[in-house]
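1. dropping a prediction and its sequence here:
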Amino acid sequence: MSSRREPKLRISKSPSAQRDASIRRTILRIPRGKVATYAQVAAAAGYPLYHRQVVQLLRKSGDLLPWQRVVGAGGEIRLKRDMAHEQRTRLEMEGVKFRGRRVAMENHQHVFRTWEL
DNA sequence: ATCCTGACCCAAG
DNA sequence: GCTTGGGCCAGGA
């Protein structure tokens, strides 16, 4: 039996859906009071060069995630105007301290575990 | 297919 | 500190 076009039923998710799921889980691992950068999230999710996709995902469905814990390289907030202020406020509410415009990464950088237990 | 954009990143100057 | 240019990627027009 050979059929030229098999996958009537999609057993595995499309690569992009799988990627989004992984990125989501990764963001959910960031605890209160800690932050990670877009690139770190992408890498920890298993997609080292996909920091921009982290952004896309947050733009689309960030409201379901602790989006405030994802920041730009060096701890800089990359949103603009109102949203930037919103993110800073949310972070400060979690006890995150700032040095100028950047998050004090020495204290709040979340380090993802690459091996479990 | 091309062009543009985005909550990006990094090395240079 | 700053700006610039190049690199990276997917999605939408």
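-> Yep, that arrived. Residues are numbered from 1 along each chain as shown, chains lettered A, B, ... in the order given.

2. show me what contacts A:A45?
-> Applying CB atoms under 8 Å, 6 or more residues apart in numbering, we find A:A45 in contact with A:R19, A:S22, A:I23, A:R25, A:T26, A:V54. Every residue, glycine included, has its C-beta placed from N, CA and C.

3. look up how far A:A39 lies from the residue nearest to A:E92 when sequence neighbours are not counted.
-> Take A:E92 and drop its neighbours on the chain: the residue closest to it by CB to CB, 6 or more residues apart in numbering is A:F98, 7.4 Å away. Distance of A:F98 to A:A39, computed by CB to CB, to the nearest Å: 20 Å.

4. per-residue confidence for the nearest residue to A:M105 once chain neighbours are set aside?
-> Counting by CB to CB, 6+ apart, the nearest residue to A:M105 once its immediate chain neighbours are dropped is A:G75, at 4.3 Å. Note on A:G75: pLDDT of 96.

5. does A:G75 really touch A:N107, like I thought?
-> No: contact criterion CB atoms under 8 Å: A:G75 and A:N107 do not qualify, at 10.0 Å.

6. between these two, point out the one with more neighbours.
-> A:G75 (22 against 12; other CB atoms under 10 Å).

7. and the more buried one, what does it touch?
-> A:V35, A:T37, A:R102, A:V103, A:A104, A:M105, A:H108, A:Q109.
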